[in-house]
Every structure is written in C-alpha cells, then in structure tokens.
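> Provide a 3D model corresponding to the input given below.
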Amino acid sequence: MTDDMIEKLFAENELGAVILPISPVSGGFQHKMYKVVTENGSFAVKHLNPDIMKRPDAIGNFRRADALEKVLEDAGIPVVPAIMINGSKLQKYSGEYFYIYPWQKGQTADLYDISADQCRIAGSIQGRIHAIAPAQIPKPVSEFSCTDWNRLIDTASARNHDIRDILKDNTDLLIYAENEMNKARKALPGIECIVDEDMDPKNVIWDEGEPRVIDLECLERGNPVSSVVQLSLQWAGATVCDLDFAKLRAFFDGYLEAYDNGFRDYSAVFGLAYTWTEWLAYNIRRAAGECADEAEREMGAAQVRLTIDIIRYLFRMEDSIRRHLEQWFK
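Next comes the predicted model:
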C-alpha cells in the first residue's frame with residue numbers, strides 16, 4: 001500500500017517514474033523511510049507515523065520545523081532539506097503524510113567508533129545552529145514530567161511479559177531519574193534559540209569526512225543548555241553505554257567555539273540527561289499497543305529494553321560525569 005502511494009505521489013508531482021522495487025531504509029524509530037529510484041535520480045522518502053499525525057498539534061509542529069529548516073539552510077548549516085513542492089515541504093497523499101529528500105551519499109558514524117574529531121564537528125554544528133537567533137527571555141516556566149510509572153508499567157506488562165520484569169526492577173530508578181530531570185529543568189537559564197535535539201549520530205551523514213544533518217522535523221525554539229547536555233553525551237558514547245570523556249570534551253570544545261552564551265554550570269543540570277525517561281514512557285505505550293501495527297509494537301518493546309540500559313548506565317556514571325563537568329567549567 002505504501003509503495004503504491006509513493007508511486008502515485010511521485011507521478012502527481014512529476015518527480016519521475018518510479019523504478020521498482022522501493023526499498024525500506026533502516027534507522028528511523030518513529031517513522032518509516034524508503035529509498036526511491038526514479039528515471040530522474042534517487043530520493044529518500046519519509047512516511048510519517050499515522051498515529052503521530054493524528055495528534056492535534058502534529059501538523060503545526062511539522063510546519064514550524066519546516067520553516068526553521070529553511071532558516072538553517074539559508075544560514076549555511078550543512079543540512080539535507082526536504083524538497084519543496086507547491087510551496088510546502090510536507091506532502092499529503094491519500095490521507096498520509098510524507099517528506100521527500102534528495103538521496104544523500106555517505107553513511108552515519110559507527111556508534112562504537114565515533115572519533116573525537118567527529119564529536120568536535122558535531123558540537124560546532126550544534127553551536128552554529130544555536131548562534132543563529134538566540135534571545136534572552138524571562139526564566140522559562142519549566143515543563144515537568146509527572147509519569148505514574150507503576151500504572152504505566154502495569155499497563156504494558158499485561159501484554160508484554162518480556163519487558164515486565166526489567167521495568168518493575170527499575171521503577172525506583174525511573175522515579176529518581178524523572179525527578180532529577182525536572183530539577184535540572186528548573187535550573188535552566190533564560191535563553192531561547194533554534195534547537196535540534198534530534199541531532200544524534202544516526203542523524204548526521206558523513207561523506208568523505210563532510211557532515212550533513214538529516215531528519216530535521218524536530219526543529220523548534222528551545223533552550224540551548226538542555227540541547228547541548230543531551231547531545232554531547234550521546235555523541236560521546238552514552239547511547240552504547242561506553243562514554244569517552246575525551247569525546248565529551250571535544251563536543252563541548254566545538255560547541256563553545258561556535259557559540260558561547262556564558263553558561264558554565266553544566267554539572268548542576270546533568271539531570272537533563274535523563275530526558276531518556278520521556279522516550280521510555282513513549283515506547284512503553286507503544287509496547288502496550290498504542291501504535292500502528294505489530295511491527296511498531298515490537299520496536300517499542302525493543303526500545304524499552306535499550307532505553308532502560310541507557311538510563312541505568314547514566315545513573316552509574318552520574319557522579320563521574322558531574323565531576324568532569326565541574327572541573328572543565330569552573
């Protein structure tokens with residue numbers, strides 16, 4: 001069905017006759033990606049998750065991100081922007097939503113073999129994005145997470161016995177992590193800028209050493225401190241539970257060379273690293289059946305296991321990470 005929609009979408013917009021087969025591309029955790037070859041060249045097509053698109057604010061969020069993507073493109077940030085068709089990047093066909101991109105050569109970095117130089121470059125890109133239009137604002141009203149972990153876990157456990165034990169064994173940790181995240185959000189400075197908190201290693205393609213940022217639909221205006229804390233840890237190895245402090249420092253060095261807002265108390269806001277609890281809660285609900293199909297439900301269960309591992313690892317490393325941040329940014 002998706003293949004048929006993509007064929008018709010391309011024909012309707014005169015992008016060229018599609019040469020079958022259309023190939024699924026791995027990497028996305030919420031939406032589905034495909035490589036589409038036509039007589040005019042190759043494209044990447046993102047089929048947006050129908051359940052996400054049913055949310056009342058979804059269309060507005062994507063359109064806002066599209067406008068910010070154009071700002072980044074105009075500012076010379078190395079991005080792969082969605083193709084504009086009839087004045088819109090977001091395409092609708094047969095009730096479904098799509099983005100179409102030119103196919104990008106290269107590949108993402110091996111999560112187990114990211115270099116310190118790649119971290120520095122990624123930090124610099126993030127800093128350049130934050131430097132485009134920063135603004136001092138009144139101290140922000142924090143958005144707190146208040147998850148009823150016991151209830152959520154019981155809901156998922158009824159259908160997913162394979163994740164029940166790992167969730168129940170870590171309930172106290174999840175409560176702690178969410179509380180630390182909320183405390184850190186209270187401590188954020190009053191700064192707002194364009195942020196891309198989804199610019200983790202899987203969303204940067206390297207072609208002969210040159211980076212291009214993809215998957216920009218999460219662009220918004222937000223707090224740069226929150227963004228840099230989360231992304232620096234991901235690039236330094238937290239997502240594979242193998243943190244390298246030299247890479248963490250390299251990310252910050254690249255970032256501060258490109259943009260320095262004067263904030264230095266990163267140790268006090270380490271709790272922002274536990275934003276993984278929000279991704280975990282989303283995937284627990286997917287594992288419980290709040291999703292499009294069985295394949296997505298299984299992906300949700302798999303992400304629950306992986307995310308629990310990351311949160312546990314961050315907890316074990318918390319004191320050491322805080323010490324390094326204190327030493328670097330006295």
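> surely Met317 meets Asp242?
No: Met317 is not in contact with Asp242 according to CB atoms under 8 Å; the separation is 10.3 Å. In short, each C-beta sits where N, CA and C put it, glycine included.
> neighbour count winner among these two?
Neighbour totals were compared for Met317 and Asp242, and Met317 leads with 18 against 11 (other CB atoms under 10 Å).
> Now do the buried residues in the helix or strand that Lys70 is a member of.
Using DSSP states H and E, Lys70 maps to helix 58-74. Judged by neighbour count (16 or more other CB atoms under 10 Å), helix 58-74 contains these buried residues: Phe62, Ala65, Asp66, Leu68, Glu69, Lys70, Leu72.
> One more: stretch 17-26?
Val18, Ile22.
> what's it in contact with?
2-3, 6-7, 10-11, 32-39, 44-45 (CB atoms under 8 Å, 6 or more residues apart in numbering).
> Which of those sits closest to Ala288?
Minimum distance to Ala288 across the contacts of stretch 17-26 is 20.7 Å, recorded for Lys32 (CB to CB).
> Not counting its neighbours along the chain, what's nearest that closest one?
Take Lys32 and drop its neighbours on the chain: the residue closest to it by CB to CB, 6 or more residues apart in numbering is His47, 4.5 Å away.
> what's that neighbour in contact with, if anything?
By CB under 8 Å, 6+ apart, the residues touching His47 are Thr2, Ile6, His31, Lys32, Met33, Tyr34, Glu96, Tyr97, Phe98.
> Please identify which helix or strand holds the second one.
For Ile6, the enclosing helix or strand under DSSP H and E is helix 2-12.
> what pairs with the helix or strand following that helix, and is each one parallel or antiparallel?
Note on helix 2-12: by DSSP H and E, the next helix or strand toward the C-terminus is strand 18-25. Each strand paired with strand 18-25, and its direction, by DSSP bridges: strand 32-38 (antiparallel).
> Report pLDDT for Pro140.
Pro140 is assigned a pLDDT of 62 by the prediction.
> In a helix, Ala133, correct?
No: counting by DSSP: H, G, I helix; E, B strand; the rest coil, Ala133 falls outside a helix, being coil.
> what's the distance between it and Val269?
22 Å (CB to CB, to the nearest Å).
> Could you check which of those two has the larger neighbour count?
More neighbours surround Val269 than the other of Ala133 and Val269, with 24 against 13 (other CB under 10 Å).
> Not counting sequence-adjacent ones, nearest residue to that one?
Ala184 (4.2 Å).
> avg pLDDT for the helix or strand hosting the one you found?
Using DSSP H and E, Ala184 falls within helix 171-186. In this model, helix 171-186 has a mean pLDDT of 96.
> Pull the residues that contact it.
142-147, 149-150, 153, 226, 268-277, 280, 311-312, 314-315.
> now stretch 295-305
For stretch 295-305, the surrounding residues in contact (CB under 8 Å, 6+ apart) are 29, 49, 156, 160, 162-163, 166-167, 279-280, 283-289, 291.
> same question, stretch 236-253
111-112, 114-117, 119-120, 122-123, 200-201, 228, 231-233, 235, 273, 309-310, 313-314, 317, 321, 324, 328.
> got the CA coordinates for it in CSV?
Output of stretch 236-253 as CSV, limited to C-alpha atoms (Å, rounded to 0.1, in the frame of the first residue of the first chain):
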residue,chain,number,x,y,z
ALA,A,236,30.4,10.7,23.4
GLY,A,237,29.0,7.2,23.7
ALA,A,238,26.2,7.2,26.3
THR,A,239,23.8,5.5,23.9
VAL,A,240,26.1,2.5,23.7
CYS,A,241,27.0,2.6,27.4
ASP,A,242,30.6,3.4,26.6
LEU,A,243,31.2,7.0,27.5
ASP,A,244,34.5,8.6,26.4
PHE,A,245,35.3,11.8,28.3
ALA,A,246,37.8,13.0,25.6
LYS,A,247,34.9,12.8,23.1
LEU,A,248,32.6,14.6,25.5
ARG,A,249,35.1,17.4,25.9
ALA,A,250,35.6,17.6,22.2
PHE,A,251,31.9,18.1,21.6
PHE,A,252,31.9,20.9,24.2
ASP,A,253,35.0,22.5,22.7
